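Trainee: When you get a sec, could you give me coordinates for this:
(one chain, ligands or ions: 1)
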Amino acid sequence: MRNNQPVTNEEYILPEGLTLVSKTDLNGTITECNDAFELASGFSRAQLIGQPHNMIRHPDVPEAVFSDLWATLKMGATWTQIVKNRRANGGFYWVKGNTTPIYSGGKICGYMSLREKPTPQEVSEATQAYQDINNGNAKIKNARIYSGIDWLAIKNAYFKLNPQYQLTIMLAFFYLIPYIIYAKLDGHSLLEMIAVGIFGLLPPYIYGLLKLKDDRFKRATLRSIAGGET
Ligand SMILES: Cc1cc2nc3c(=O)[nH]c(=O)nc-3n(C[C@H](O)[C@H](O)[C@H](O)COP(=O)(O)O)c2cc1C
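Mentor: Numbering: from 1, shown residues only. Take a look at the predicted model:
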């Protein structure tokens, strides 16, 4: 982590309506920037171009924030977050930045960031989020800050599953787990529980498989209609 020093408490508030733009190569070396970016950073364009983007890094931003930025960009996705940057004179400015990969011939050939003035509420939430991340009370994933269990990631993973697994897992939760608790309290044998489990989960699994087959058939039919083959 680059630790740019010194830092002061002198804040530069971005003028309303200004967009700070910078472009980098694949390694995060600044290749282009606009006047607004130059003005806010306090460095001259000549000092900025050809330098790694971390030259404006503020030490208050947790390392995890930038690890997440890079992980998201490398997946080909865009990343929007509130970031505190350091100025050449040690002061700072807050931005709401949207950073995205740039493509050429279907491949990522660089990155670009557009930044605007964040609202005071966004700044205070980001200040709190930085603190929580540093204390281990929050995490960041794809620019999303969360604490505790990442329910959204679990939900997304669940909905990516094929229907036979979705239905089986749903039934396991709503039928098998309550049944096992009941059976255990009621002194049922393990064999009985396994048998009831298999009989209970087999139908949703088979139904899910049939649904998958049906979905694939419908998709293939639609594709051939769209291709004018029927
Ligand atoms: C297009 C683009 C824009 C970036 N903008 C910033 C920025 O405004 N401020 C910043 O500190 N890092 C920015 N970064 C991330 C830096 O490359 C770097 O990961 C970060 O400053 C942390 O550096 P460090 O891990 O060496 O401390 C940007 C990266 C890219 C690809």
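Trainee: in the longest helix anywhere in the chain, what's buried?
Mentor: Longest helix in the chain by number of residues (criterion: DSSP state H): helix 190-226. Across helix 190-226, burial judged by 16 or more other CB atoms under 10 Å covers Met193, Val196, Gly197, Leu201, Pro204, Gly208, Lys211. In short, each C-beta sits where N, CA and C put it, glycine included.
Trainee: wouldn't the fifth one be in contact with Leu167 here?
Mentor: Yes. The pair Pro204 / Leu167 is scored as a contact, 3.7 Å apart, by CB atoms under 8 Å.
Trainee: just to revisit the earlier point, any chance of the buried residues of helix 190-226 in JSON lines, with distance to Ser124 and pLDDT too?
Mentor: Below are these laid out as JSON lines (distance: CB to CB, whole Å; pLDDT from 0 to 100):
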{"residue": "Met193", "distance to Ser124": "52", "pLDDT": "90"}
{"residue": "Val196", "distance to Ser124": "53", "pLDDT": "89"}
{"residue": "Gly197", "distance to Ser124": "50", "pLDDT": "89"}
{"residue": "Leu201", "distance to Ser124": "48", "pLDDT": "91"}
{"residue": "Pro204", "distance to Ser124": "47", "pLDDT": "91"}
{"residue": "Gly208", "distance to Ser124": "46", "pLDDT": "92"}
{"residue": "Lys211", "distance to Ser124": "47", "pLDDT": "92"}
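Trainee: quick one: which of those is nearest Ile180?
Mentor: Among the buried residues of helix 190-226, Met193 lies closest to Ile180 (CB to CB), at 5.9 Å.
Trainee: any idea how far the closest one lies from the ligand?
Mentor: Using CB to the nearest ligand atom, to the nearest Å, Met193 is found at 52 Å from the ligand.
Trainee: How is Ile133 assigned, secondary-structure-wise?
Mentor: Three-state assignment for Ile133 (DSSP: H, G, I helix; E, B strand; the rest coil): helix.
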